[in-house]
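K.L.:
sequence plus the predicted model coming up.
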Amino acid sequence: MAAYSPQEVSFSPTTPPNPQYRIFGTRGNRPLGTLMHLFLTLHPHSLKIPSNFATTTIMEPHSRGQQSREEKVEKMPLHTEDIRPEMKEDIHDPSYQDEEGPPPKLEYVWRNIFLMALLHLGALYGITLVPSSKVYTWLFGLLYNIVAALGITAGAHRLWSHRTYKARLPMRLFLIVANTMAFQNDVYEWARDHRVHHKFSETHADPHDSRRGFFFSHVGWLLVRKHPAVKEKGRKLDMSDLKADKLVMFQRRYYKPAVVLICIVLPTLVPWYFWGETFQHSLCIATFLRYAIILNFTWLVNSAAHLYGYRPYDRNIGARENVLVSVASLGEGFHNYHHTFPYDYSASEYRWHISFTTFFIDCMAALGLAYDRKRVSKAAVLAKIKRTGDGSHKSD
Ligand SMILES: [Zn+2]
Ligand SMILES: [Zn+2]
């Protein structure tokens, strides 16, 4: 079975290749869309849409019924519609094969094992302290994690690893600070690991190869030295876009003191100083427990979303659709779609459906801070479902 190739992002010759602008999505965000429609009916001049608040989606023509649409999809030729010409390093390379021979010996990184064990013990103790904590402390932890998660999902992932949209300086500044709050390696390293994960998924060159089991793809990969193939392929990746990004390089240079300050010291001091939380509660809930939660929720994308769920877009790859992971990761669990179409800014066939990240990017676009959001056409998605899906999609 043919694996994914970028040529499959296509449109029908009957579709005029004009980008049409769609403001509020289709499936998945209907209540919000209806509310907004009502608002615009009552205040028709209240919302000025900036010219950049538009996605560059190629829309399929109006369907004359399910049957004709299916015929169209069947006959669709593979025209190239390159929606993201500037980046190809996250496109799956099916030609890569693991080398024969025994796997290399595991080399443990004892410092990481010790720190991870300490963090999780502190977090477990934090759970026992929750009933005696002040409500502001865990509200603060929750808010801190939502902001930090956006630094990963909207920042390191969709902006910097995949270049699925562009962001103006104020948004990039927010994302780099939020990303540092999350403490998941600097953006450059995160993006390099992530691009190599997409390009060589489920091979030795995949840093969190899910064939090695749940524990390895969840956290184990951070506790051992990287497989030589990961290092070799990582070195060969084109990372010139991020090397040229002054903000990303600035974060990389000052990463260690920055994360100690804003992922550990600051969240410990704020509850203690501002609302008189005990130091022990501050440290174990607002820092240890909060940080352990965001780490584990993010890791689920690499473990659970590569092991459990349907594969409606491409049954030949490891990544799967997992709703629970989407809930935990602000919309990153539509993982079969995401690995099939890594250049789609919504990382899902839908938009605001269980995806706070897409909602956030759209809000930023409404403010003029995000633009050029890449979106795969419905026709291309349907063609892919028909060709390589596992039959679980509701259109089947
Ligand atoms: Zn990705
Ligand atoms: Zn993945």
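P.N.:
That came through, no problem. Ligands and ions are numbered 1, 2, ... in the order given.
K.L.:
what's the neighbour count on Tyr310?
P.N.:
Tyr310 is flanked by 15 other residues according to other Cβ atoms under 10 Å. In short, each C-beta sits where N, CA and C put it, glycine included.
K.L.:
quick one: low-confidence residue ranges for the stretch 101-250 of the chain.
P.N.:
Low-confidence segments of the stretch 101-250 of the chain (pLDDT under 70): none present.
K.L.:
check which helix or strand covers the nearest residue to Glu332 once chain neighbours are set aside.
P.N.:
Excluding the flanking residues, the one nearest Glu332 by Cβ to Cβ, 6 or more residues apart in numbering is Val301, at 5.0 Å. Secondary structure from DSSP states H and E places Val301 in helix 290-302.
K.L.:
for that helix, packing partners?
P.N.:
Contacts defined by 3 or more Cβ pairs under 8 Å, 6 or more residues apart in numbering; DSSP states H and E place helix 290-302 against helix 110-129, helix 135-150, helix 214-218, helix 323-328.
K.L.:
quick one, which of those helices gets closest to Ser240.
P.N.:
Set against Ser240 and scored by Cβ to Cβ, the helices and strands packed on helix 290-302 come closest in helix 135-150, at 25.8 Å.
K.L.:
any idea of the angle that closest one forms with helix 110-129?
P.N.:
Angle between the axes of helix 135-150 and helix 110-129 is 140 degrees (criterion: axes from the mean of the first three to the mean of the last three Cα atoms, to 10 degrees).
K.L.:
tabulate the helices and strands packed on helix 290-302 (a markdown table), appending distance to Gly276.
P.N.:
Formatted as a markdown table, those follow (distance: least, Cβ to Cβ, whole Å):
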| stretch | distance to Gly276 |
| --- | --- |
| helix 110-129 | 15 |
| helix 135-150 | 10 |
| helix 214-218 | 37 |
| helix 323-328 | 31 |
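K.L.:
among the ones you listed, which is nearest Asp90?
P.N.:
helix 214-218 (18.0 Å).
K.L.:
so for the closest one, what gets flagged as buried?
P.N.:
For helix 214-218, the neighbour count (16 or more other Cβ atoms under 10 Å) marks Phe214, Phe216, Ser217, His218 as buried.
K.L.:
next one: stretch 328-343
P.N.:
Buried residues in stretch 328-343, counted by 16+ other Cβ under 10 Å: 328-343.
K.L.:
what is the burial count for Arg373?
P.N.:
Burial of Arg373 is recorded as 23 neighbouring residues (other Cβ under 10 Å).
K.L.:
dig out what it forms beta bridges with.
P.N.:
For Arg373, the beta-bridge partners under DSSP bridges are Thr55.
K.L.:
ok, Ile264 - contacts?
P.N.:
The neighbours of Ile264, taking Cβ atoms under 8 Å, 6 or more residues apart in numbering as the test, are Phe183, Thr287, Tyr291.
K.L.:
could the residues you listed be laid out in JSON lines, adding distance to Phe114 and neighbour count?
P.N.:
Converted to JSON lines, the contacts of Ile264 look like this (distance: Cβ to Cβ, whole Å; neighbours: other Cβ atoms under 10 Å):
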{"residue": "Phe183", "distance to Phe114": "16", "neighbour count": "19"}
{"residue": "Thr287", "distance to Phe114": "17", "neighbour count": "25"}
{"residue": "Tyr291", "distance to Phe114": "16", "neighbour count": "26"}
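K.L.:
between those residues, which sits nearest Asp90?
P.N.:
Set against Asp90, the nearest of those by Cβ to Cβ is Phe183 (23.1 Å).
K.L.:
I'd like to know how far that closest one sits from Asp98.
P.N.:
With distances taken as Cβ to Cβ, to the nearest Å, Phe183 is found 32 Å from Asp98.
K.L.:
show me where the stretch 51-200 of the chain has helices.
P.N.:
For the stretch 51-200 of the chain, the helices defined by DSSP state H, counting those that start in this stretch cover 66-75, 110-129, 135-150, 169-182, 187-199.
K.L.:
out of these, which comes closest to Leu159?
P.N.:
helix 169-182 (6.5 Å).
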